[in-house]
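>>> my questions concern the predicted model and sequence given below.
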Amino acid sequence: MLMFNEACFEVFDIEGLDNRMIGVREKIQPVFQSIDEKVVEELEPLLGEKLPIHIAQHRRRTTNAPDFTWSAMGGNKRGYKKFPHFQLGITPEYVVVWLSFIDNPQNEVLMAQTCLDHLEWFESLPNDFVVNTDHTKNNYHALEKEQVIKDLTRWKEVKKGEFQVGRVMLKQAFTEKTSQELYDTILETYLSLIPIYQACRKLSNQ
């Protein structure tokens with residue numbers, strides 16, 4: 001199994017869209033494929049569904065080189081943004097391991113309200129989990145009850161509202177830990193999010 005390393009993070013130092021995308025394709029995308037295949041193998045039997053792997057290609061970009069690239073597991077063969085999905089992404093400073101609800105997924109108001117009705121799902125998550133409310137911005141904040149209520153309410157009420165929950169793994173960890181330790185953290189993150197995923201996935205099909 002491949003794992004993120006210093007060379008992956010250094011891709012974001014490459015100037016120019018075309019040259020950086022060469023680095024993304026050569027250094028980062030094979031890591032996404034390797035990790036995602038292993039994660040999917042673990043999750044599909046637990047979920048009782050297929051999780052297609054989607055790796056971002058950034059084809060719509062014409063000038064600006066990406067400062068974030070990602071893969072997604074879930075949805076269907078045609079795409080993933082209409083559905084709850086598991087996301088693995090990398091920025092110049094960290095790797096993100098999310099359960100994502102972005103770009104107005106189907107029945108998002110119902111999903112957001114269901115999450116508000118079951119705050120115990122979030123209270124039971126590990127205390128190092130964080131939230132992101134805009135997938136286009138590389139930022140996040142702590143998973144605290146009052147803030148989660150605000151974030152879920154905004155997701156429910158604001159047309160462009162989004163919600164992502166999971167872990168951020170800082171760049172430093174990828175030089176200090178073994179590939180197996182890092183993978184175990186990634187997998188454990190997704191396993192912890194299964195109850196939220198399953199409840200919302202059912203709603204996304206209604």
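That came through, no problem.

>>> residue 160: what's it in contact with?
Going by CB atoms under 8 Å, 6 or more residues apart in numbering, residue 160 touches residue 104. Any C-beta I mention is one placed from the backbone N, CA and C, and that applies to glycine too.

>>> could you do residue 42 as well?
By CB under 8 Å, 6+ apart, the neighbours of residue 42 are 187, 191.

>>> and residue 50, backbone torsions?
With angles defined as degrees, to the nearest 10, residue 50 sits at phi -80, psi 140.

>>> what number of residues lie near it?
Per other CB atoms under 10 Å, the neighbour tally for residue 50 reads 12.

>>> which residue comes closest to it once chain neighbours are left out?
Leaving aside its sequence neighbours, residue 50 sits nearest to residue 44 (CB to CB, 6 or more residues apart in numbering; 6.3 Å).

>>> so how far is the one helix or strand the one you found maps to off the chain centroid?
Assigned by DSSP states H and E, residue 44 belongs to helix 29-47. Relative to its chain's centre, helix 29-47 lies at 13 Å (CA atoms, centre = their mean, to the nearest Å).

>>> again, but for stretch 154-161
The answer for stretch 154-161 is 19 Å, by CA atoms, centre = their mean.

>>> pull out the buried positions in it.
Within stretch 154-161, the residues that qualify as buried are 155-156, 161, counting by 16 or more other CB atoms under 10 Å.

>>> do the same with stretch 23-38
Under the neighbour-count criterion of 16+ other CB under 10 Å, stretch 23-38 has 23-24, 27-29, 31-32, 35-36 buried.

>>> quick check, nearest of those residues to residue 181?
Taking CB to CB as the measure, residue 181 sits nearest to residue 35 out of the buried residues of stretch 23-38, at 13.3 Å.

>>> ok, the closest one to residue 76 distance?
In this view, residue 35 and residue 76 are 21 Å apart by CB to CB, to the nearest Å.

>>> ok, so of the buried residues of stretch 154-161, who is nearest residue 174?
residue 155 (30.3 Å).

>>> which residues sit in contact with the closest one?
Residue 155 neighbours (CB under 8 Å, 6+ apart): 101, 108, 112, 133, 161-163.

>>> and the gap between it and residue 53?
For residue 155, the distance to residue 53 (CB to CB) stands at 25 Å.

>>> try residue 85
For residue 85, the distance to residue 53 - CB to CB - is 10 Å.

>>> buried residues in stretch 106-120, which are they?
So for stretch 106-120, counting by 16+ other CB under 10 Å, buried means 107-108, 111-115.

>>> next, count neighbours for the residue nearest to residue 50.
Taking other CB under 10 Å as the neighbour definition, residue 44 ends up with a count of 13.

>>> kindly state the beta-bridge partners for the most centrally placed residue in the chain.
Most central in the chain under CA atoms, centre = their mean is residue 87, positioned 2.5 Å from the mean C-alpha point. Beta-bridge partners for residue 87, by DSSP bridges, are residue 72, residue 98.

>>> about what we covered before: and residue 85 and residue 53? Which one has more around it.
Using other CB under 10 Å, the more surrounded residue of residue 85 and residue 53 is residue 85, with 25 against 18.

>>> pull the contacting residues for the more buried one.
Residues counted as contacts of residue 85 (CB under 8 Å, 6+ apart) are 72-75, 99-100.
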